[in-house]
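> Mind looking at a prediction? Sequence and model below.
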Amino acid sequence: MSVYGAFSQLLEIALALLLAPLLTGWVNQWRAWLQNKSAPSLLQPYRLLHKLFHKESVVAEHASPLFRSAPYIVFGCMALACSIVPTLSTDLPLAPAADAIALVGLFALARVFISLAAIDVGTAFGTLGARREMLIGFLAEPALLMVLFSASLISQSTSLTTMVETLAHRDLAIYPGLAFAGVAFTMISLAENARVPVDNPATHLELTMIHEALILEYSGRHLALIEWAASLKLFAYSCIGLALFFPWGIAEADAPLALLLALPLLVLKLAIGGVALALLETLSAKMRIFRVPEFLATAFLLAVIGLLVHILLGQ
Amino acid sequence: MSPLLTQSINLLGALLLLLSFAMISQRRILSLIHLFTLQGAALVMATATVGYVTQQPHLYLSAAITFVLKVLLIPYLLHRVIERLDVRWDVETLINIPTTMIIGILLVIFAFNLALPIAQLSTTIARGSLGIALACVLLSFLMMITRSKAVPQVIGFLSMENGLFFAATAATYGMPMVVELGIALDVLIGVLILGVFMFQIREQFDSLDIHHLERLKDV
């Protein structure tokens, strides 16, 4: 492990932790602008985190240790996920620890714990949210795996860093299979991050909510960790999307100058992605919960067709 | 011949397939027409790209005809038809949509499997596009079979023609101009006649459900 590698890994983790709430704020701001509302400040998520960290954490009387530990596990999973997705550099010492399949597993682990914690206290809303979350999760996971497989078929590896190296640093080539994978990935990200066609992130106490129902019983620092983890998840998904479909500009090993260039490029790509997400959310209406399986099945089938197209065209 | 252009033909083919898939999973007639228009636009770009790569100027002309017909005229006619018939919203399907999509993916696998040995033998620019075109045609067939109303069936028919046109362009660099003009005219006339048919069906049965046509009646 080189010094450079360790440095880029640390930089990436720090960047993810700092930038993730900013991305959430950016998306919220654009969403408000597009819907003709006056927008909250860009720094609003930081203020929320600051407020929550200074509040007392109230825990239900019958809550088990699982309920207390779940926020830390979820936050840990998301932070690890952010650190293995190559955002700035492909020279990451932590990357061999988990490939694309393990990354999906990490997301699943976080989901299982947050759902268990929601059931743990025994409120009606928590159980409802947990079931819905598992329904969406079990449909979204295979689709996400298929998307990652389309990319790994091209690079012949399931390691995310190798994928990015292959996709970004080879001769420019168009992969039609990736077009399908891109559409599927967009649909999956919307579902996984509790975005509009599947869930509305702006509601509280509504019968249709999913993510908010899960975390209704949390308060104080626990809630802060969960909110931060949700921002990190959005950040991780955006970075996976950028790494697979727009990998240009991510620095290679031993290229300190490229690292300097990679940072503003990443911020620019994330900013554009955030506007696109807000636009997508504004343009689509929320689906009925029973339509969600159909939505995710479409994503899965598109990802499978992406694989098939790649096999047919075989480059 | 740059490999990037060849790949972009494949990409446009994949886009056609993507739109075909979106069409069979679509419930609303209005969105169906929008998707059909987009498919026409993708076809125009594919034809023009093939024309540029293979240096065949007559493909530009056929791209222009496709643009006028399939991006402007036919969508306009379809819009007028659904406005006059006042059918904008839901499409009834005979099989539910998830099942249709699973059948659709089986069709895609079948088509790709069929085209794989042909693609290995062929020497034309976009070898994979034959499989994609075949899959588009089969998906449009599926759409015609699973929809019970007349308008989506007509759109399915038109989208099948898109698939065939793409196959002809990509696999054989376009048909002779006379044939192309003939087909273009046929499609246009077909849409007009089918439009008249739709009004007639509606007048006779007060509905666009073609199941009413299954029962023969001696007067």
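The structure has been received and is ready for your questions.
> any idea how far chain B is from A:K55?
Computed as Cβ to the nearest Cβ, to the nearest Å, the A:K55 to chain B distance reads 45 Å. (Each C-beta comes from the backbone N, C-alpha and C, glycine too.)
> Get me the contact residues on the stretch 101-250 of chain A for chain B.
A:172-177, A:179-180, A:183 (Cβ under 8 Å from any Cβ of the partner chain).
> Inside helices: which ones of those residues?
A:176-177, A:179-180, A:183 (DSSP state H).
> Same question for the helix or strand harbouring B:L30: list its buried residues.
Assigned by DSSP states H and E, B:L30 falls within helix B:29-54. Within helix B:29-54, the residues that count as buried by 16 or more other Cβ atoms under 10 Å in any protein chain shown are B:29, B:32-53.
> Summarise which helices and strands it is packed against.
Other elements packing on helix B:29-54 under the criterion 3 or more Cβ pairs under 8 Å, 6 or more residues apart in numbering or on different chains; DSSP states H and E are helix B:3-24, helix B:58-66, helix B:74-85, helix B:150-172.
> Low-confidence stretches in the stretch 151-300 of chain A?
A:170-172, A:204-205, A:253-254 (pLDDT under 70).
> which residues touch the residue in it that chain B sits nearest to?
For the stretch 151-300 of chain A and chain B, the shortest gap (Cβ to the nearest Cβ) falls at A:P176, measuring 3.5 Å. Applying Cβ atoms under 8 Å, 6 or more residues apart in numbering or on different chains to A:P176 gives the contacts A:309-310, A:313, B:7, B:10-11, B:13-14.
> Quick check: the farthest pair among those residues?
Farthest-apart pair in the contacts of A:P176 is A:H310 and B:G13; separation 13.0 Å (Cβ to Cβ).
> Neighbour count: these two, which is higher?
A count of neighbours by other Cβ atoms under 10 Å in any protein chain shown puts B:G13 above the other of A:H310 and B:G13, at 31 against 23.
> Could you check the pLDDT of the more buried one?
With respect to pLDDT, B:G13 has a value of 88.
> Which strands and helices lie in contact with the helix ranked longest in chain B?
The longest helix of chain B (DSSP H) is helix B:177-205. With contacts defined as 3+ Cβ pairs under 8 Å, 6+ apart, helix B:177-205 has these neighbours: helix B:58-66, helix B:74-85, helix B:150-172.
> okay, the ones you listed, which one's buried deepest?
Stretch with highest mean neighbour count among the helices and strands packed on helix B:177-205: helix B:150-172 (a mean of 22; mean count of other Cβ atoms under 10 Å in any protein chain shown).
> That one vs chain A: in contact?
No - Helix B:150-172 is not in contact with chain A by Cβ under 8 Å from any Cβ; minimum separation 12.2 Å.
> so where's chain B shaky on pLDDT?
In chain B, residues with pLDDT under 70: B:1, B:88-91, B:122-127, B:216-219.
> Closest to the centroid, which residue in it?
B:S159 (1.1 Å; Cα atoms, centre = their mean).
> From B:Q26, how far off is that residue?
B:S159 sits 11 Å away from B:Q26, going by Cβ to Cβ, to the nearest Å.
> B:L59 touches B:Y173, doesn't it?
Yes - the pair B:L59 / B:Y173 is scored as a contact, 7.1 Å apart, by Cβ atoms under 8 Å.
> Now do the shared contacts for those two.
B:V50.
> does A:L277 count as helix, strand or coil?
Assigned by DSSP: H, G, I helix; E, B strand; the rest coil, the conformation of A:L277 is helix.
> ok so, going back, can the helices and strands packed on helix B:177-205 go into TSV with extra columns for distance to A:K51?
Formatted as TSV, the helices and strands packed on helix B:177-205 follow (distance: least, Cβ to Cβ, whole Å):
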stretch	distance to A:K51
helix B:58-66	59
helix B:74-85	52
helix B:150-172	53
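> so which of these comes closest to B:F110?
Closest to B:F110 of the helices and strands packed on helix B:177-205, according to Cβ to Cβ: helix B:150-172, at 14.5 Å.
> residue boundaries of the helices in the stretch 1-150 of chain A?
Counting by DSSP state H, counting those that start in this stretch, the stretch 1-150 of chain A has helices at residues A:3-34, A:44-53, A:65-84, A:100-120, A:124-155.
> Mind putting those helices into JSON lines with distance to B:I97?
Listed next are these as JSON lines, based on distance: least, Cβ to Cβ, whole Å:
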{"stretch": "helix A:3-34", "distance to B:I97": "29"}
{"stretch": "helix A:44-53", "distance to B:I97": "38"}
{"stretch": "helix A:65-84", "distance to B:I97": "33"}
{"stretch": "helix A:100-120", "distance to B:I97": "26"}
{"stretch": "helix A:124-155", "distance to B:I97": "15"}
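> Dump those to TSV, plus mean neighbour count.
As requested, those are arranged in TSV below (neighbours: other Cβ atoms under 10 Å in any protein chain shown):
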stretch	mean neighbour count
helix A:3-34	18
helix A:44-53	16
helix A:65-84	20
helix A:100-120	20
helix A:124-155	20
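> Which of those helices sits closest to B:M101?
That would be helix A:124-155 among the helices of the stretch 1-150 of chain A, by Cβ to Cβ, at 12.9 Å.
> What strand or helix carries B:L116?
helix B:97-121.
> quick one: the helix or strand just after that helix to helix B:150-172, angle?
Next along the chain after helix B:97-121, taking DSSP H and E as the criterion, comes helix B:129-146. If you take axes from the mean of the first three to the mean of the last three Cα atoms, to 10 degrees, helix B:129-146 sits at 170 degrees to helix B:150-172.
> Would you tell me whether helix B:129-146 gets close to chain A?
Yes - using Cβ under 8 Å from any Cβ, we find that helix B:129-146 touches chain A at B:131-132.
> gap between that helix and the chain center?
Computed by Cα atoms, centre = their mean, to the nearest Å, the separation of helix B:129-146 from the middle of its chain amounts to 8 Å.
> so what does it touch, helix or strand wise?
Looks like helix B:129-146 contacts helix A:292-313, helix B:3-24, helix B:97-121, helix B:150-172 (3+ Cβ pairs under 8 Å, 6+ apart).
> now the ones you listed in a markdown table, with distance to A:R31?
Converted to a markdown table, the helices and strands packed on helix B:129-146 look like this (distance: least, Cβ to Cβ, whole Å):
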| stretch | distance to A:R31 |
| --- | --- |
| helix A:292-313 | 20 |
| helix B:3-24 | 25 |
| helix B:97-121 | 29 |
| helix B:150-172 | 34 |
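> Of those helices, which is nearest B:T66?
Nearest to B:T66, of those and by Cβ to Cβ, is helix B:150-172 at 7.1 Å.
> Tell me which other helices or strands the closest one touches.
Looks like helix B:150-172 contacts helix B:3-24, helix B:29-54, helix B:58-66, helix B:74-85, helix B:129-146, helix B:177-205 (3+ Cβ pairs under 8 Å, 6+ apart).
> got the angle between that helix and helix B:3-24?
For helix B:150-172 against helix B:3-24, the angle by the same axes, to 10 degrees is 160 degrees.
> how much space between the spatially closest residue to A:L244 that is not a sequence neighbour and A:Y218?
With sequence-adjacent residues excluded and distances taken as Cβ to Cβ, 6 or more residues apart in numbering or on different chains, A:L244 is closest to A:A151, at 4.9 Å. Counting by Cβ to Cβ, the gap from A:A151 to A:Y218 is 35 Å.
> do the same with A:G76
16 Å.
> can you check A:I311 too?
Using Cβ to Cβ, we find A:I311 at a distance of 46 Å from A:Y218.
> Look up phi and psi at the nearest residue to B:T54 once chain neighbours are set aside.
Leaving out its chain neighbours, the residue that sits closest to B:T54 by Cβ to Cβ, 6+ apart is B:Y173, at 5.2 Å. Dihedral angles of B:Y173 (phi, psi; degrees, to the nearest 10) stand at phi 60, psi 40.
> swap in the one 3 residues further on?
Backbone dihedrals for B:P176, given as degrees, to the nearest 10, come out at phi -60, psi 150.
> Count the neighbours of it for me.
Using other Cβ under 10 Å: B:P176 sits among 9 other residues.
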